[in-house]
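Peer 1: sequence first, predicted model second:
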Amino acid sequence: MDRARRARRPRSVLALLTAALLAVPGITALSSAARAADADLAKNGGFESGLDGWTCTAGTTVTSPVHSGSSALQATPAGSDNAQCAQTVTVQPNARYTLSGYVRGSYVYLGANGTGTTDVSTWTQSAPDWQKLTTTFTTGAATTKVTVYTHGWYGTGAYYADDISLVGPGASTGQPPAAPTGLRTGTVTSSSVALSWSAATGATSYTVYRDGVKVQTASGTSATVTGLAPSRAYSFQVTASNDAGESARSAAVTATTTAGTGGGSTDLPAHALVGYLHASFANGSGYTRMADVPDSWDVIDLAFGEPTSATSGDIRFNRCPVTECPNVESDADFKAAIKAKQAAGKKVLISIGGQNGQVQLTTTAARDAFVSSVSNIIDTYGLDGLDIDFEGHSLSLNANDTDFKNPTTPVIVNLISALKTLKARYGSKFVLTTAPETFFVQMGYQYYGTGKWGGQDPRCGAYLPVIYALRDDLTLLHVQDYNSGPIMGLDNQYHSMGGADFHIAMTDMLLTGFPVAGDANNVFPPLRPDQVAIGMPASTNAGNGYVAPAEVTKTLDCLTKKTNCGSYPTHGTWPALRGLMTWSVNWDRYSNWEFQKNFDAYFG
């Protein structure tokens, strides 16, 4: 970190030297008339309107401390994020500007990019009270926009900023275009809708909204929205934009996608209860025999198959030894109980990974060993399919792997290939599920891999390419809505565990889709509601994020009926939501089957 900080200082010295040279008579090209027309071009520089006009990775507004007015910015860098807040401002070419602002905290930076000449920044190592930062720059001959920003430094605590201004000649921006007219649908498939509209005078680009959410931009008067769910009605609108801003939205048109085919097993109940069974260990919940799992459980995941080493791909499933599980049944009784469950319409899967089972398919040899060893487990016990519960460092994106639709990282590519091979080997009835943590899925709304500037956690969003590639093969996605930090939802607010709101926001993201890393042109498409179950801990002993049965009911009411929703505005209603997943059957038994009983009472 010290080297990085020192590397920033020459930029500040250069900025000061540049400012000094520009101040010499005869060097500056600005006239006194131009200076008289100077104005503050920064929007909401005092943060009195929240974060309006600013794009922040980890910022919020506070009422104390403030430099002036009633609000200021507070932004908190994390280990992989410097908490940058930025806005793009329209400027004049060949013009001089002064950027200033008041900051508090350690290692706070203020700067401007895209100047067309020399980008500038200034910083303070320590500002225990409000300190003014100032820098100047001259725009290039063709520069009409610059981006001003403030940020902190990794892991150094929160910083504050207020009264940020960019003073210089204002640019005439005119008026935004009128809303487009003539929006109409074209070809409709099970996963896409073609749209077209009439040109709006003065427009330089167009933005398409699906069910009120921005999904892509277009330079012309047509677009095809992809990644849609089959047999679902969607509403579309479009806006026109130019340098002056964005128009109002057009009149809406609706389209219903055609029926699809794919998606895994077709004989699960409409609403399914999924639970993990501690088959290879006991821990504090005790061992539960397969025959003693109640009929309420529709999918039973055997935890866990683990690799012989992190990169071998060789998966082994070892049943709990009698020394740890005195009541463990014999292999013969275990297999007979599995068959009895299947005869009753239940699905029994082998779950690979877990907290301690790191699996990294770094080579094609590891991929092939994975396919062979997993097939052996499935065949030995006569199982219905496979659950992927990769956690920790199993999935991580290489620095140059930036497109979730076309991954290049070997551990990602090889896992996709292995799962497609297994699906093809066992056929359409093969049940394929996965249980990622929120960090690997919903966090992808803000960050993806190491990010455009590097420095982010490469695991962030790393499940998205796997889910996307397998969306036609995936039976169920049940994200672990537990043991999670705060996650930003589609309302651009952070949501924390402990109530229905967190589950509603996280599930809405899966069923609505979301732009990855904030890129409206790179949208992770929604899953079908019958592919989604919500992961929750069965009890306070099972994991952080437990919610009482009443909160579970609120979650289901909101998502399936749009009642009891609380503060989060969902983007739809999904009565076909598949159900709930829990860690675990054993912990639910330990808690007198509270989770199971609530599920049964709700769905009947």
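Peer 2: Structure received.
Peer 1: ok, the nearest residue to residue 229 once chain neighbours are set aside to residue 178 distance?
Peer 2: Ranked by C-beta to C-beta, 6 or more residues apart in numbering and with sequence neighbours excluded, the top spatial neighbour of residue 229 is residue 528, at 4.5 Å. Using the backbone N, CA and C atoms, a C-beta is placed for each residue, glycine as well. From residue 528 across to residue 178, the span is 37 Å (C-beta to C-beta, to the nearest Å).
Peer 1: for residue 273, see how far away the residue nearest to residue 229 is.
Peer 2: Counting by C-beta to C-beta, the gap from residue 528 to residue 273 is 19 Å.
Peer 1: same thing with residue 498?
Peer 2: Computed as C-beta to C-beta, the residue 498 to residue 273 distance reads 22 Å.
Peer 1: run through the helices of this protein in chain order.
Peer 2: Here the chain has its helices, by DSSP state H, at 2-23, 32-36, 331-343, 364-381, 410-426, 464-469, 500-512, 549-561, 585-590, 594-603.
Peer 1: list the buried residues of stretch 394-402.
Peer 2: Neighbour-count burial for stretch 394-402 flags 394, 395, 396, 397, 401, 402 (criterion: 16 or more other C-beta atoms under 10 Å).
Peer 1: okay, those residues in CSV with distance to residue 358 next?
Peer 2: Shown next, in CSV, are those (distance: C-beta to C-beta, whole Å):
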residue, distance to residue 358
394, 5
395, 10
396, 11
397, 16
401, 19
402, 24
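Peer 1: got a list of what the residue nearest to residue 407 when sequence neighbours are not counted touches?
Peer 2: The shortest distance from residue 407 to any non-neighbouring residue, by C-beta to C-beta, 6+ apart, is to residue 465 (3.9 Å). Under the criterion of C-beta atoms under 8 Å, 6 or more residues apart in numbering, the neighbours of residue 465 are 404, 405, 407, 412, 416.
Peer 1: contacting residues for the nearest residue to residue 58 once chain neighbours are set aside?
Peer 2: Nearest residue to residue 58 in three dimensions, chain neighbours excluded: residue 83, at 4.3 Å (C-beta to C-beta, 6+ apart). When contacts are counted by C-beta under 8 Å, 6+ apart, residue 83 is found next to 56, 57, 58, 59, 75, 76, 77, 151, 152, 159.
Peer 1: all strands of the stretch 451-600 of the chain, in order?
Peer 2: Residue ranges of the strands in the stretch 451-600 of the chain, as given by DSSP state E, counting those that start in this stretch, are 476-477, 487-488, 494-495, 514-516, 519-524, 533-537, 579-583.
Peer 1: average pLDDT for the last one?
Peer 2: The predicted model assigns strand 579-583 a mean pLDDT of 97.
Peer 1: which among the contacts of residue 465 gets closest to residue 196?
Peer 2: Nearest to residue 196 among the contacts of residue 465 is residue 405, at 23.8 Å by C-beta to C-beta.
Peer 1: what's the neighbour count on that closest one?
Peer 2: Residue 405 has 15 neighbouring residues, counting by other C-beta atoms under 10 Å.
Peer 1: give me the pLDDT for it.
Peer 2: Reading off the model, residue 405 has pLDDT 93.
Peer 1: kindly report the same for residue 390.
Peer 2: 93.
Peer 1: report the spatially nearest residue to it, omitting neighbours in sequence.
Peer 2: Residue 390's closest residue in space is residue 353 (C-beta to C-beta, 6+ apart), at 4.6 Å.
Peer 1: OK, contacts around that neighbour?
Peer 2: Residues in contact with residue 353 (C-beta under 8 Å, 6+ apart) are 304, 305, 306, 359, 388, 389, 390, 391, 394.
Peer 1: most neighbours, which of those?
Peer 2: Greatest neighbour count in the contacts of residue 353, by other C-beta under 10 Å, goes to residue 359: 29 neighbours.
Peer 1: tell me the phi and psi of that residue?
Peer 2: The phi/psi pair for residue 359 (degrees, to the nearest 10) reads phi -130, psi 120.
Peer 1: where does the prediction get shaky in this protein?
Peer 2: 1-37, 79, 172-173, 260-266 (pLDDT under 70).
Peer 1: at 80 instead, please
Peer 2: The chain contains residues with pLDDT under 80 at 1-37, 79-80, 155, 171-174, 190-191, 226-231, 243, 259-266, 355-356, 452-454.
Peer 1: about what we covered before: what two of the contacts of residue 83 have the greatest distance between them?
Peer 2: Maximum distance among the contacts of residue 83 (C-beta to C-beta): 12.8 Å, for 57 and 159.
Peer 1: hmm, back to that, would you turn the helices of the chain into CSV with distance to residue 452?
Peer 2: As requested, the helices of the chain are exported to CSV (distance: least, C-beta to C-beta, whole Å):
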stretch, distance to residue 452
helix 2-23, 17
helix 32-36, 35
helix 331-343, 48
helix 364-381, 30
helix 410-426, 19
helix 464-469, 16
helix 500-512, 22
helix 549-561, 33
helix 585-590, 41
helix 594-603, 41
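Peer 1: closest to residue 213 out of these?
Peer 2: Nearest of the helices of the chain to residue 213, taken as C-beta to C-beta: helix 500-512 at 6.2 Å.
Peer 1: isn't residue 455 right up against residue 82?
Peer 2: Yes: counting by C-beta atoms under 8 Å, residue 82 is a contact partner of residue 455 at 7.2 Å.
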